[in-house]
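A.B. asks: Got a predicted structure plus its sequence, pasted below:
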Amino acid sequence: MRDTKKSILLSALGLFARDGYEAVPVSAIAGELGITKGALYKHYKNKRDIFDSIVSRMERHDAERANEFQMPTGSFSHMEEEYLRVTVDRLVEYGKAQFRYWTQDSFASSFRRMLTLEQYRSPEMGRLYQQYLVSGPLGYVADIFGSLGYVDPMEKALGFYGPMFLMYSVYDGAEAKDGIIAAADSYLEKTGNRLREEKNI
């Protein structure tokens, strides 16, 4: 039963990423798996229930990945000590891993595409797009630079995260995707070097 529930979730997200959340009926999700709508409803109450489960899974993945890299999992106001323990080296490695995650992980990349498609169609989708891909990560990085003592942490955050965000779209359209990964790594490493030189560390 758990495998069927997971298959429904993944198939639904794939369709949402391709066609948009609003455009995909429950019948299309069931048809993708070769099951009836009735069989699908044994696992999820409706399409909204599937969507909520997708978001819950992303929240868990977010926290797990931050913990894996010993990065803060909450806001600066609630986790000041954790922010103060972040180093430039750790931030660079986390940035490289996150770029791969949002481009190469099938669940995360489909979630990103879904939010990109839907951001202007619903206030909720717009908020999620900002939370996961724009103002959320930008503010997070700015708080880290602030805790590291850099002048104008938002400017530093724009310089660090802005090119990453742009390269998500470059990656999507590229044929030589490995080259984009290498370019992202190189940019983050060079940015890390500049940041260390600025602080003499």
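C.D. replies: Now that the structure is in, tell me what you want to look at.
A.B. asks: Is the residue in the chain sticking out farthest from the centre part of a helix or strand, or is it coil?
C.D. replies: Computed with C-alpha atoms, centre = their mean, the residue of the chain farthest from its C-alpha average is residue 38, at 32.3 Å. Here residue 38 is recorded as helix under DSSP: H, G, I helix; E, B strand; the rest coil.
A.B. asks: try the one 5 residues further on
C.D. replies: Taken by three-state DSSP, the conformation at residue 43 corresponds to coil.
A.B. asks: ok, and the closest non-adjacent residue to it?
C.D. replies: Leaving aside its sequence neighbours, residue 43 sits nearest to residue 5 (C-beta to C-beta, 6 or more residues apart in numbering; 4.5 Å). Placement of C-beta: from N, CA and C, glycine included.
A.B. asks: Tell me which residues of stretch 184-194 come out buried.
C.D. replies: Buried positions in stretch 184-194, judged by neighbour count with 16 or more other C-beta atoms under 10 Å: 184, 187, 188, 191, 192.
A.B. asks: which element is the last one on?
C.D. replies: It refers to residue 192. Assigned by DSSP states H and E, residue 192 belongs to helix 177-199.
A.B. asks: re the thing from before, roughly how far apart are the residue farthest from the centre of the chain and residue 196?
C.D. replies: 59 Å (C-beta to C-beta, to the nearest Å).
A.B. asks: and if you look at residue 167?
C.D. replies: The gap separating residue 167 from residue 196 is 22 Å, by C-beta to C-beta.
A.B. asks: okay, and for the chain, where does confidence drop off?
C.D. replies: Within the chain, the stretches with pLDDT under 70 are 1-2, 200-201.
A.B. asks: Okay, domains of the chain per the record?
C.D. replies: 1-53, 69-199 (automatic domain parsing).
A.B. asks: Residue 59 is nearest to which of those?
C.D. replies: domain 69-199 (9.6 Å; C-beta to C-beta).
A.B. asks: ok, now which ones touch residue 9?
C.D. replies: 50, 53, 54, 57 (C-beta atoms under 8 Å, 6 or more residues apart in numbering).
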